[in-house]
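A.B. asks: I would like the atomic coordinates for the input below:
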Amino acid sequence: MNKNRNNRRSLAARPLCLAMLGGFVSMGSGCASRGITADPVYYPLSGAPARVVHLKSFNRIDDIVAIEHTFIETIRGNRFISRIENAAGIATSGDNLFVCDTEQAVVHVWNLKNGDTYRLGQSGDVRLETPVDVAIAEDGSVLVADTGRGEVVAFSSDGAEPQRLRPPGNARFQPVALAAAGNTLYVADLGSASIVAFDIDAGSVESTFTLSDKAGDAVMPMGVAVGPTGELFVTDAMGGRVLVLSSGGELVRTMSQRGNRLGDMGHPKHIDVSDDGTVFIADAEFAHVHLFNTGGELLMLVGGAEDRTGGTPMPFGVAVIASSATLQQLVPADFEASYFVVVTNSLGSKRINLFAVGNRQ
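C.D. replies: The predicted structure follows:
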């Protein structure tokens with residue numbers, strides 16, 4: 001999960017009135033990006049400066065990247081363009097977008113600069129079964145949480161045989177979410193309700209944090225992210241909350257709770273944290289993405305039902321994109337984007353949403 005280290009005004013540091021949360025203010029006219037049209041929806045409600053804008057909902061790379069076909073490709077129609085069927089976890093690295101597809105049992109790799117695509121996990125000795133999340137290691141390895149296989153599969157950047165990670169003696173290991181930081185891979189293990197930390201190079205377990213011991217009751221971990229100061233953010237789908245742990249696994253605080261009031265959550269799944277301290281949480285039950293600061297203060301909601309432009313009918317994965325020249329071309333002229341966020345959905349005609357975070361001018 002790449003982060004933008006450039007100086008910028010913090011979204012999390014700006015106070016927002018709760019009365020303004022939860023909706024969209026207007027739909028502007030689409031702006032062209034090399035033939036691609038955006039569908040802007042601004043958040044939050046009118047009365048406060050817009051801090052987030054929905055740019056596009058899509059299923060294919062050529063929905064957001066204008067791809068130039070050669071004459072032969074145009075005649076033959078033989079350029080492969082992959083399409084998402086059932087989106088799950090998502091990650092970014094450089095110009096590449098990695099999207100788990102549980103229906104096709106692959107990870108789609110889309111280049112946002114030139115539109116090139118390929119798939120991981122559909123050939124070779126190690127084939128994916130149920131890829132639900134993906135993370136990128138510092139050396140470029142693609143790490144995939146596969147609940148069907150009951151292990152994390154690491155595809156190396158040099159094409160070597162994939163490495164398979166699982167805790168020894170843990171027959172219940174069910175990886176559902178990943179976060180890479182340095183040489184450490186944090187895995188949310190639904191089977192044992194714990195966070196398992198692997199040494200990526202060695203493929204061995206560094207430590208295991210049993211979450212029920214930390215939180216004092218039953219926990220259902222569904223997402224994990226590493227914040228800008230090294231804290232771990234773990235979504236608890238059963239409790240409708242986020243557990244914030246130190247790098248050593250100690251419970252520091254909790255954020256939100258299960259309920260139907262503003263600031264509560266229903267069924268939080270994946271999570272990511274930007275460098276400015278904004279926490280993005282995909283809530284499958286409430287059909288929204290919650291934005292909190294790292295202290296647990298609700299900032300706003302984005303998304304919503306599928307019948308509205310920019311809707312997130314059942315959000316699953318979420319990832320921050322630090323920067324992208326291609327995506328920048330989709331940003332309306334009246335909005336200054338600091339970074340981007342992509343959200344996947346388990347339902348709906350369009351399985352991926354693209355948002356920009358910044359300031360409306």
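A.B. asks: for the most centrally placed residue in the chain, give me its contacts.
C.D. replies: In the chain, the centroid-proximal residue (CA atoms, centre = their mean) is residue 318; its distance is 1.9 Å. Counting by CB atoms under 8 Å, 6 or more residues apart in numbering, residue 318 touches 90, 270, 271, 272, 280, 281, 282, 289, 341, 342, 343, 344. Any C-beta I mention is one placed from the backbone N, CA and C, and that applies to glycine too.
A.B. asks: ok, of those, which come out buried?
C.D. replies: Buried residues within the contacts of residue 318, counting neighbours by 16 or more other CB atoms under 10 Å: 90, 270, 271, 272, 280, 281, 282, 289, 341, 342, 343, 344.
A.B. asks: and residue 327, what are its phi and psi?
C.D. replies: The phi/psi pair for residue 327 (degrees, to the nearest 10) reads phi -70, psi -30.
A.B. asks: excluding chain neighbours, give the residue nearest to it in space.
C.D. replies: What sits nearest to residue 327 in space, not counting adjacent residues and going by CB to CB, 6 or more residues apart in numbering, is residue 340, at 5.3 Å.
A.B. asks: and the next element down the chain from the helix or strand containing the one you found?
C.D. replies: Using DSSP states H and E, residue 340 maps to strand 335-345. With elements assigned by DSSP H and E, the helix or strand that comes after strand 335-345 is strand 352-360.
A.B. asks: which strands and helices lie in contact with that following strand?
C.D. replies: strand 52-58, strand 335-345 (3 or more CB pairs under 8 Å, 6 or more residues apart in numbering; DSSP states H and E).
A.B. asks: for the first one, the averaged confidence score.
C.D. replies: Translated: strand 52-58. Averaged across strand 52-58, the pLDDT comes to 96.
A.B. asks: what of the longest one?
C.D. replies: Strand 335-345 shows a mean pLDDT of 98 in the predicted model.
A.B. asks: so in that sheet, which strands flank it, and in what orientation?
C.D. replies: strand 315-321 (antiparallel), strand 352-360 (antiparallel) (DSSP bridges).
A.B. asks: tell me the most buried of the ones you listed?
C.D. replies: strand 315-321 (a mean of 27; mean count of other CB atoms under 10 Å).
A.B. asks: tell me the pLDDT of residue 210.
C.D. replies: With respect to pLDDT, residue 210 scores 93.
A.B. asks: oh, that last question was meant for residue 119, not what I typed.
C.D. replies: Reading off the model, residue 119 has pLDDT 94.
A.B. asks: and it, that's in a strand?
C.D. replies: Yes - Residue 119 forms part of a strand when assessed by DSSP: H, G, I helix; E, B strand; the rest coil.
A.B. asks: returning to that earlier point: what would the strands paired with strand 335-345 look like in a markdown table with mean pLDDT and distance to residue 40?
C.D. replies: Formatted as a markdown table, the strands paired with strand 335-345 follow (pLDDT from 0 to 100; distance: least, CB to CB, whole Å):
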| stretch | mean pLDDT | distance to residue 40 |
| --- | --- | --- |
| strand 315-321 | 98 | 17 |
| strand 352-360 | 97 | 9 |
